[in-house]
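S.K.: Okay, sequence plus prediction incoming.
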Amino acid sequence: MKGQLLVVEDDSDIAEMLRMYFDGQGYQVDVVSNGADALASTHQNIPNLIILDIILPDMDGYTICQELRSRPRTSHIPIIFLTQKDERSDRISGLELGADDYITKPFDIEELRLRVQNAIRRAERDTVVDPRTGLPTGQEIKAQLSQLLNADRWALLDCRITEFEGYTDIYSFVAGDEVLAGTANLLRQVLSEHKREEDFIGHAGSGNFIVISTSDIASTLAQEIKERFNESVKDYYSKDDRKRGYMMPPEGTGMTTPLMKMTVGIISSEGVTFTDLRELTEAALEARLKDSQED
């Protein structure tokens, strides 16, 4: 799959044409016809790119773009405006709000395909998102963590899949990518069920994820994330490994490897002040190591 697209278009003919075309190009395509459904959809699943019509029945595309850019979880998503407007001022307005591109109707579908492809590649090249999970990474995570230094009432959940490298050594990196994608979806689902649309989720690399939330719910989120991961992760193993409770290397050679589990360290702004990112991340690591020892 090349990526997940969200098409926000109230013209059913255009919407269906885009769905069929990009589905045929290897993308997973979700289609909604209004702004409210667009915002709701991004609470559940973070797409790799949004094709956004400006004129919609309930709100304009500018408002949707502004709302998405204001949320930590969706601020990184590339957005291409699709509209009948062709005035220079309209294009500038969209770009000023953070849109990545702008194409007017009627449009060349091949040109739109290339713009979609290039926007997703730019996002991946700039390490804005990890293509395996669709989550922010790299500099975007650093930017979010930097904001915590001058904020209050926050909590940082440092999540790690233990034995992830051992799993990929035995089951392959492709299987490992499936674990990462599944973990990203699990984190989104937990936050969505608790109506935590403003919280941030990032993929810090390999089996490491972070969640930025608030201190009042951090412990609840951490416990639920661990319990649900430790239960669902069994589906990634063979029947024999599940029954044994550990992984056997090929042909039984070498040492056995424990099954993966999730550990979560929690730090917050309560009663402590962090002066720089290194101090903050070291505290998060220490909390995670403590959690792994307690388990």
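M.R.: Looks like it arrived, so ask away. Numbers count the residues shown, from 1 in each chain.

S.K.: any low-confidence regions in this protein?
M.R.: Scanning the chain for pLDDT under 70 picks out 85-95, 126-127, 250-254, 295.

S.K.: What are the boundaries of the helices in this structure?
M.R.: 12-24, 35-44, 61-70, 88-96, 109-125, 138-148, 164-171, 173-193, 218-232, 239-244, 277-294 (DSSP state H).

S.K.: and of these, who's closest to residue 257?
M.R.: Set against residue 257 and scored by C-beta to C-beta, the helices of the chain come closest in helix 164-171, at 3.9 Å. (Glycine included, C-beta is placed from N, CA and C.)

S.K.: Now do the buried residues in that closest one.
M.R.: Neighbour counts over helix 164-171 (16 or more other C-beta atoms under 10 Å) mark 164, 166, 167, 168, 169, 170, 171 as buried.

S.K.: quick check: angle from it to helix 173-193?
M.R.: Angle between the axes of helix 164-171 and helix 173-193 is 130 degrees (criterion: axes from the mean of the first three to the mean of the last three C-alpha atoms, to 10 degrees).

S.K.: From the contact counts, what lies against helix 164-171?
M.R.: helix 173-193, strand 246-247, strand 257-258 (3 or more C-beta pairs under 8 Å, 6 or more residues apart in numbering; DSSP states H and E).

S.K.: Now do the second one: distance to the chain's middle.
M.R.: The gap between where strand 246-247 is centred and where its chain is centred comes out at 29 Å by C-alpha atoms, centre = their mean, to the nearest Å.

S.K.: Need the nearest residue in space to residue 249, chain neighbours excluded.
M.R.: Closest residue in space to residue 249, ignoring its immediate chain neighbours: residue 170 at 6.1 Å, by C-beta to C-beta, 6 or more residues apart in numbering.

S.K.: Quick check: the gap between that neighbour and residue 230.
M.R.: As judged by C-beta to C-beta, to the nearest Å, residue 170 and residue 230 stand 19 Å apart.

S.K.: Show me the protein divided up by domain.
M.R.: Recorded structural domains for the chain (assignment: automatic domain parsing) are 3-126, 135-294.

S.K.: residue nearest the centroid of the protein?
M.R.: Taking C-alpha atoms, centre = their mean, the centroid of the chain lies closest to residue 135, which sits 2.8 Å from it.

S.K.: Tell me what that one is bridged to.
M.R.: In this entry, residue 135 is beta-bridged to residue 130, by DSSP bridges.

S.K.: Make residue 1 into 871 and carry on from there
M.R.: Let's use 871 as the start, then, which means that last one is residue 1005.

S.K.: need the contact list for it.
M.R.: Contact analysis of residue 1005 by C-beta atoms under 8 Å, 6 or more residues apart in numbering lists 916, 999, 1054, 1071, 1072, 1073, 1079.

S.K.: Do I have it right that the fifth one meets residue 1009?
M.R.: No. Counting by C-beta atoms under 8 Å, residue 1009 is not a contact partner of residue 1072; they are 10.7 Å apart.

S.K.: Name the residue in these two with the higher neighbour count.
M.R.: Taking neighbours as other C-beta atoms under 10 Å, residue 1072 and residue 1009 compare with residue 1072 leading, 28 against 11.

S.K.: Next up, the contacts around the more buried one.
M.R.: Applying C-beta under 8 Å, 6+ apart, we find residue 1072 in contact with 1005, 1006, 1007, 1010, 1011, 1014, 1079, 1080, 1081, 1082.

S.K.: let's go with 10 Å and repeat that
M.R.: By C-beta atoms under 10 Å, 6 or more residues apart in numbering, the residues touching residue 1072 are 942-943, 946, 999-1000, 1003, 1005-1008, 1010-1012, 1014-1015, 1029, 1054, 1057, 1078-1082.
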